[in-house]
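Engineer: sequence and computational prediction follow.
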Protein chains: 2
Amino acid sequence: MNKGLLVVVSAPSGCGKDTVIAKVLDKMKNDAYLSVSMTTRQMREGEADGVNYYFVSVEEFQENIRKGEMLEYTCYGENYYGTPVGPVKKLLNEGKTVFLIIEVEGGENVKRIFPEAVKIFIVPPSLQVLEKRLRSRATDSDEAIKARLLIAETEFRRACEYDYIVENDDLEDAVNDVMAIIRAEQLRINNMQNKLREVMKNA
Amino acid sequence: MNKGLLVVVSAPSGCGKDTVIAKVLDKMKNDAYLSVSMTTRQMREGEADGVNYYFVSVEEFQENIRKGEMLEYTCYGENYYGTPVGPVKKLLNEGKTVFLIIEVEGGENVKRIFPEAVKIFIVPPSLQVLEKRLRSRATDSDEAIKARLLIAETEFRRACEYDYIVENDDLEDAVNDVMAIIRAEQLRINNMQNKLREVMKNA
């Protein structure tokens, strides 16, 4: 069996990365999983440990960092958020595709631990469309939206660190593009060594 | 506009590469073309210059070789066969995907002239299936089939020089796999610079 594919997905806020990946996960059924993050924040009603997050204490989280067992992590307010490497490795060894939706900042560290990770950056059709989308959410103040757009601009400048760019204009197109990338990566020569051996069997 | 993609396809005889690529061309309509070869052999009835082949004299062919204008070429019997680089470049500049179905031998030279070329190797499910397919054609003698299988084996050993492996078990699956590879390659960061600039416009 081939090892699974680790797919890192980043995008500025408002580009619809969660929706795109949710649809892809839906299509790939048992072949793909979304990596579960670890956090030190309180569990909220309706949440479950190991589903929404792995809920741990600050001491446990810091112990994980010390042991080098966090793929990436960040502090947000008073809480830690991050990706433990163990569950990702386990799924990859089972041949599963694992999606990791992370900040642009976290991408570098992932690539250090998993150099074979496939990095996808999702973009909107334009900054104007992104602004329109952020405004239509109506959850943020004008100020917050302007701040988000500024962050988006600096994040776009780091898109060149990714392997693939997917435009999320039409959702279905974006989903199909991500699916095409995954299929193509599975067909790459380094992932097809088992198949080649199989073909040559009994030669 | 982005430059088109040059897709090199090789496979041992009997793997169905022509059928797979014909189907892909059909699906891609005006976006993709099959590179037309140049030959010094006589034009046969029903053939047209520039459609089946570019028909040229031995002198013209050799002149092309001297000028470095052949992407790859081979001698077969008394005739030259090869791929002139000019028409390929023209189509790529128009943003078209160009397929080049060539012998394993010719692949290296193409990669030297077009390092960005995408190389796909098509394999059968197994050597046993390949043998069955060759026998079912009923065009070759037992001896010829054995010779083809031996050549196939040495060609398989060079599959590692390709970027992607596509198994042709079910034709429709193989066609979809080639389509996925092309779409993914179009989404690669180096082919998406124009799109990134477009997104950032008016930033």
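Structural biologist: Great, that's in hand.
Engineer: name the helix or strand for the residue of chain A found nearest chain B, please.
Structural biologist: Nearest residue of chain A to chain B, counting by CB to the nearest CB: A:Ala184, 3.4 Å away. Yep, even glycine has a C-beta here, placed from its N, CA and C like the rest. Per DSSP states H and E, A:Ala184 falls inside helix A:171-186.
Engineer: and the angle from that helix to helix B:171-186?
Structural biologist: 100 degrees (axes from the mean of the first three to the mean of the last three CA atoms, to 10 degrees).
Engineer: next, the buried residues of helix A:171-186.
Structural biologist: A:174-186 (16 or more other CB atoms under 10 Å in any protein chain shown).
Engineer: would you mind listing what in chain A touches chain B?
Structural biologist: Residues of chain A lying close to chain B (CB under 8 Å from any CB of the partner chain) are A:123-128, A:153, A:156, A:159-160, A:162-167, A:176-177, A:179-181, A:183-185, A:187-189, A:192, A:195-196, A:198-203.
Engineer: narrow these to those in strands?
Structural biologist: A:123, A:164-167 (DSSP state E).
Engineer: from those residues, which is closest to A:Thr83?
Structural biologist: Taking CB to CB as the measure, A:Tyr164 is the one of those closest to A:Thr83, at 20.2 Å.
Engineer: report the buried residues of the helix or strand of chain A with the lowest mean pLDDT.
Structural biologist: Least confident helix or strand, chain A: helix A:107-113 with a mean of 84, by mean pLDDT, DSSP states H and E. Buried residues in helix A:107-113, counted by 16+ other CB under 10 Å: A:107, A:109-111, A:113.
Engineer: check stretch A:113-124 too.
Structural biologist: A:113-114, A:117-124.
Engineer: ditto for stretch A:66-81
Structural biologist: Applying 16+ other CB under 10 Å to stretch A:66-81 flags A:70-73, A:80-81 as buried.
Engineer: mind putting those residues into JSON lines with secondary structure and distance to B:Ala11?
Structural biologist: As requested, the buried residues of stretch A:66-81 are exported to JSON lines (DSSP: H, G, I helix; E, B strand; the rest coil; distance: CB to CB, whole Å):
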{"residue": "A:Met70", "secondary structure": "strand", "distance to B:Ala11": "45"}
{"residue": "A:Leu71", "secondary structure": "strand", "distance to B:Ala11": "39"}
{"residue": "A:Glu72", "secondary structure": "strand", "distance to B:Ala11": "41"}
{"residue": "A:Tyr73", "secondary structure": "strand", "distance to B:Ala11": "47"}
{"residue": "A:Tyr80", "secondary structure": "strand", "distance to B:Ala11": "52"}
{"residue": "A:Tyr81", "secondary structure": "strand", "distance to B:Ala11": "48"}
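Engineer: farthest pair within those?
Structural biologist: It's A:Leu71 and A:Tyr80 that sit farthest apart of the buried residues of stretch A:66-81, by CB to CB, at 13.2 Å.
Engineer: contacting residues around A:Pro125?
Structural biologist: A:167, A:169, B:199 (CB atoms under 8 Å, 6 or more residues apart in numbering or on different chains).
Engineer: also A:Met192?
Structural biologist: Applying CB under 8 Å, 6+ apart to A:Met192 gives the contacts B:164-165.
Engineer: could you rerun that using 10 Å?
Structural biologist: Residues counted as contacts of A:Met192 (CB atoms under 10 Å, 6 or more residues apart in numbering or on different chains) are A:2, A:186, A:198-199, B:121, B:123, B:159-160, B:162, B:164-167.
Engineer: and the residues you listed, which of them are buried?
Structural biologist: For the contacts of A:Met192, buried by 16+ other CB under 10 Å: A:186, A:199, B:121, B:123, B:159, B:162, B:164-167.
Engineer: could you dump those residues to JSON lines with distance to A:Val24 and pLDDT?
Structural biologist: Listed next are the buried ones among the contacts of A:Met192 as JSON lines, based on distance: CB to CB, whole Å; pLDDT from 0 to 100:
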{"residue": "A:Gln186", "distance to A:Val24": "14", "pLDDT": "96"}
{"residue": "A:Val199", "distance to A:Val24": "29", "pLDDT": "88"}
{"residue": "B:Phe121", "distance to A:Val24": "27", "pLDDT": "97"}
{"residue": "B:Val123", "distance to A:Val24": "27", "pLDDT": "96"}
{"residue": "B:Ala159", "distance to A:Val24": "29", "pLDDT": "93"}
{"residue": "B:Tyr162", "distance to A:Val24": "27", "pLDDT": "95"}
{"residue": "B:Tyr164", "distance to A:Val24": "21", "pLDDT": "98"}
{"residue": "B:Ile165", "distance to A:Val24": "23", "pLDDT": "97"}
{"residue": "B:Val166", "distance to A:Val24": "22", "pLDDT": "98"}
{"residue": "B:Glu167", "distance to A:Val24": "23", "pLDDT": "97"}
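Engineer: circling back: tell me the least confident of the buried residues of stretch A:113-124?
Structural biologist: Here the lowest pLDDT out of the buried residues of stretch A:113-124 sits on A:Ile113, with 88.
Engineer: so A:Val24 is in which element?
Structural biologist: helix A:17-28.
Engineer: what helices and strands are in contact with the helix or strand just after that helix?
Structural biologist: Remark: after helix A:17-28, the chain's next helix or strand is strand A:32-34, criterion DSSP H and E. Judged by 3 or more CB pairs under 10 Å, 6 or more residues apart in numbering or on different chains; DSSP states H and E, strand A:32-34 is in contact with helix A:17-28, helix A:85-93, strand A:97-101.
Engineer: please redo it, this time with the cut-off set to 8 Å
Structural biologist: Contact analysis of strand A:32-34 by 3 or more CB pairs under 8 Å, 6 or more residues apart in numbering or on different chains; DSSP states H and E lists helix A:17-28, strand A:97-101 as its packing neighbours.
Engineer: so how far is it off the chain centroid?
Structural biologist: 10 Å (CA atoms, centre = their mean, to the nearest Å).
Engineer: buried stuff in it?
Structural biologist: Buried, per 16+ other CB under 10 Å, within strand A:32-34: A:32-33.
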